[in-house]
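>>> Pasted the sequence and its predicted model underneath.
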Amino acid sequence: QVQLVESGGGLVQAGGSLRLSCVASGEIFKINAMGWYRQAPGKQRELVAAITSGGSPNYADSVKGRFTISRDNAKNTVYLQMNSLKPEDTAVYYCNADVVTATNLFGMDYWGKGTLVTVSS
């Protein structure tokens, strides 16, 4: 079984910064892509940023130039550095990982429970 646990959310003023972390644990053979999604009240969940196992990132247009995704493969951890935060960034942020285990050799998507980010104006 695999678990993803996010941390680092909170309340911040517009223009401020936060750093989210997500640690994957369990019977992990390999982690392929990892990413961050967010869901604002009344809206669908959307991709914020993702990163391949080799470290290649991609970002939603709305966060390019402000957010940076990174990962530490030795620690099974993915980070999201969020700068110049705006009120419209307010959402629950979810960690996602494509994990290879003994029972899912082609990989399977796992999700964290989410961490709330609130940006005040």
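Okay, I see it. All values derive from a computational prediction rather than experimental measurement. Numbers count the residues shown, from 1 in each chain.

>>> give the contact list for the residue positioned nearest the centre of the chain.
Geometric centre of the chain, nearest residue: residue 36, 2.6 Å, by CA atoms, centre = their mean. Listed by CB atoms under 8 Å, 6 or more residues apart in numbering, the contact partners of residue 36 are 20, 22, 47-50, 69, 78, 80, 93-96. The way it works is simple: take the backbone N, C-alpha and C, and place the C-beta from them, glycine included.

>>> my guess is it is in a helix, correct?
No. Residue 36: not assigned to a helix; according to DSSP: H, G, I helix; E, B strand; the rest coil it is strand.

>>> and the helix or strand of the chain with the lowest mean pLDDT, what does it pack onto?
Across the helices and strands of the chain, mean confidence by mean pLDDT, DSSP states H and E is lowest for strand 104-111: a mean of 94. Applying 3 or more CB pairs under 8 Å, 6 or more residues apart in numbering; DSSP states H and E, one finds that strand 104-111 contacts strand 2-7, strand 91-101.

>>> Could you tell me how far that strand lies from the centre of the chain?
16 Å (CA atoms, centre = their mean, to the nearest Å).

>>> Let's have the contacts of residue 36 in CSV, adding pLDDT, distance to residue 117 and neighbour count.
Shown next, in CSV, are these (pLDDT from 0 to 100; distance: CB to CB, whole Å; neighbours: other CB atoms under 10 Å):
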residue, pLDDT, distance to residue 117, neighbour count
20, 98, 8, 23
22, 98, 13, 25
47, 98, 15, 14
48, 98, 10, 23
49, 98, 13, 23
50, 98, 18, 19
69, 98, 15, 22
78, 98, 16, 28
80, 98, 10, 26
93, 98, 6, 23
94, 98, 11, 20
95, 98, 13, 26
96, 98, 16, 21
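
>>> ok, which stretches of this protein are helices?
For the chain, helices defined by DSSP state H do not occur.

>>> Please enumerate the strands of it.
Listed in chain order, the strands of the chain (DSSP state E) span residues 2-7, 10-13, 18-26, 30-39, 46-51, 57-59, 67-72, 77-82, 91-101, 104-111, 115-120.
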